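Provided below for reference: sequence and predicted model.
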Amino acid sequence: MDKRILLGCLSAAGMLLLFGICTKLFGLDARQAINTGFGPIPAIDVFAALVAMGLGGAIARHAHFRWVALLLMVAMWTLTLFTVVSMALPDSPLPMRSMAGALKYNAVAIVLTLAAAFGGALLGERLARRRDGLSMR
């Protein structure tokens, strides 16, 4: 793996962690989801994925980082869903007691954060390459 891609991945993961800590410190974690007919949309998490992967893409400056950004977000969602399901109590809401239910409940959020991650990585890469005068791939 190219060192720039690895550095971009570490920077993006660190930025996601920083967004998570700030969200928790400011008490926004419980109020951030916008309820829609399709499911809840965590606006701050979608924005965090866009910004974090944009930073990673700008650092990596490589087209392969887009796929690394998607894999990073899939890993984050997988860990989140496993944690939610494993911590579910008998009186927890029904969707949170099984992996299929949690996946269905969070489907819109997952799709939006994956799209934001890919778009952010693409945008960051393109802006960094344009700034440095490198050719686009």
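Alright, I've got the coordinates.

so which residues of this protein form helices?
Listed in chain order, the helices of the chain (DSSP state H) span 3-25, 43-60, 65-86, 99-105, 107-132.

mind putting those into a markdown table with distance to Asn35 and mean neighbour count?
Any C-beta I mention is one placed from the backbone N, CA and C, and that applies to glycine too. Output for those, formatted as a markdown table (distance: least, C-beta to C-beta, whole Å; neighbours: other C-beta atoms under 10 Å):
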| stretch | distance to Asn35 | mean neighbour count |
| --- | --- | --- |
| helix 3-25 | 18 | 16 |
| helix 43-60 | 11 | 23 |
| helix 65-86 | 18 | 17 |
| helix 99-105 | 11 | 15 |
| helix 107-132 | 10 | 19 |
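
which of the helices and strands in this protein ranks last by mean pLDDT?
strand 33-35 (a mean of 84; mean pLDDT, DSSP states H and E).

flag every buried residue along that strand.
For strand 33-35, a neighbour-count test (16 or more other C-beta atoms under 10 Å) marks Ala33 as buried.

which residues touch the residue nearest to the spatial centre of the chain?
The centre of the chain sits closest to Ala49, judged by C-alpha atoms, centre = their mean, with a distance of 3.9 Å. Applying C-beta atoms under 8 Å, 6 or more residues apart in numbering, one finds that Ala49 lies in contact with 16, 73, 113-114, 116-117, 120.
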